[in-house]
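Q: sequence unknown, structure follows:
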């Protein structure tokens with residue numbers, strides 16, 4: 001395998017709640033004023049990323065993994081997941097509030113949808129004044145209370161609203177009722193899954209006057225009715241990998257880069273960098289690769305000695 005950092009064509013998604021910040025802030029080639037998502041690295045069925053740089057340009061990520069599974073994924077990841085790429089990386093622009101929703105755990109998702117569950121995390125890249133997120137219940141609830149308030153359109157009274165600003169992080173375990181609020185741009189890291197149970201959508205209609213499908217019954221036994229602590233506090237030591245989230249599905253570190261840093265890794269996992277602010281370069285065997293805010297790069301597991309430099313805020317993701 002030819003070893004180098006891989007980038008991909010973004011998969012752009014129009015959403016009823018989307019806007020234009022993916023272009024104005026993150027340089028994505030959107031052509032619509034309601035673009036809500038840029039899928040950066042995906043192997044979701046029918047939504048597979050294609051490499052946009054270097055020797056493998058035009059090849060899909062699945063093709064490359066099929067040919068070089070251990071070299072791309074890493075020894076431990078390949079042992080655990082086979083030739084599946086277990087994570088999905090996105091940027092989201094919420095011009096309006098997203099629907100209130102919940103994701104099933106691995107067991108429910110496997111039995112109902114033959115899919116992974118959807119544990120995820122959010123990093124707030126930008127937030128307008130008074131922006132907020134909905135994360136879980138204010139107090140311990142129940143399916144009966146949830147249904148009663150859903151029917152009377154008072155579900156918001158049960159849910160916990162968090163004011164947010166740039167740099168805030170939320171870790172959403174499966175079962176956590178949640179919604180991204182208007183005015184935020186989010187970097188999202190999640191299991192490879194597109195299973196979402198939409199609970200409430202503020203009675204919105206699309207350009208054709210249609211409401212979006214709700215999944216009230218499916219959500220009933222997927223919801224965690226306990227109070228959750230989703231916000232993550234973390235260190236921000238310069239030129240260091242500061243751990244933000246560590247779970248069985250992924251580890252995410254925050255790197256405030258101000259200088260040159262030499263990186264040395266083992267071959268157990270791929271690494272993904274999401275540039276959430278600024279610009280940085282990566283030097284590998286005499287080649288120099290340049291990245292800016294909004295870029296996402298996959299470092300194959302075999303690429304384990306390199307240098308990064310610049311002035312940037314970077315999310316570093318791998319599987320432990």
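A: That came through, no problem. All figures in this text were calculated on a predicted structure; none of them were measured in a lab.
Q: give the contact list for the closest residue to residue 128 other than its chain neighbours.
A: Spatial nearest neighbour of residue 128, excluding adjacent residues (C-beta to C-beta, 6 or more residues apart in numbering): residue 183 at 3.2 Å. C-betas here are computed from N, CA, C, even on glycine. Residue 183 makes contact with 94-95, 127-131, according to C-beta atoms under 8 Å, 6 or more residues apart in numbering.
Q: which one of those residues is nearest to residue 286?
A: residue 127 (40.3 Å; C-beta to C-beta).
Q: could you check how far the closest one is from residue 70?
A: From residue 127 across to residue 70, the span is 40 Å (C-beta to C-beta, to the nearest Å).
Q: ok, now residue 184?
A: Distance of residue 184 to residue 70, given as C-beta to C-beta: 38 Å.
Q: higher neighbour count, these two?
A: Using other C-beta atoms under 10 Å, the more surrounded residue of residue 184 and residue 70 is residue 184, with 26 against 18.
Q: could you report the distance from the more buried one to residue 97?
A: Distance from residue 184 to residue 97, counting by C-beta to C-beta: 10 Å.
Q: all strands of the stretch 201-320 of the chain, in order?
A: Counting by DSSP state E, counting those that start in this stretch, the stretch 201-320 of the chain has strands at residues 231-232, 242-246, 251-257, 260-264, 271-284, 287-292, 296-299, 305-318.
Q: which outside residues touch the fourth one?
A: It stands for strand 260-264. Applying C-beta under 8 Å, 6+ apart, the contact partners of strand 260-264 are 239, 255, 304-309.
Q: drop anything exposed from the contacts of residue 183.
A: 94-95, 127, 131 (16 or more other C-beta atoms under 10 Å).
Q: which one of those sits closest to residue 195?
A: For those, the residue nearest residue 195 by C-beta to C-beta is residue 94; the value is 20.0 Å.
Q: right, and the closest one touches residue 22 too?
A: No: assessed by C-beta atoms under 8 Å, residue 94 is found out of contact with residue 22, at 10.8 Å.
Q: quickly list what's touching both of those two.
A: Common neighbours of residue 94 and residue 22, counting by C-beta under 8 Å, 6+ apart, are residue 185.
Q: one step back: ok, the buried ones among the contacts of residue 183 vs residue 144, which is closest?
A: For the buried ones among the contacts of residue 183, the minimum distance to residue 144 (C-beta to C-beta) is 30.6 Å, reached by residue 94.
Q: quick check: that closest one vs residue 132, distance?
A: Distance from residue 94 to residue 132, counting by C-beta to C-beta: 11 Å.
Q: next: residue 202.
A: 14 Å.
Q: and the two? Which one has more around it.
A: The neighbour comparison of residue 202 against residue 132 (other C-beta under 10 Å) goes to residue 132, with 18 against 14.
Q: returning to that earlier point: can you tell me which of the contacts of residue 183 are in helices?
A: Among the contacts of residue 183, no member falls in helices (DSSP state H).
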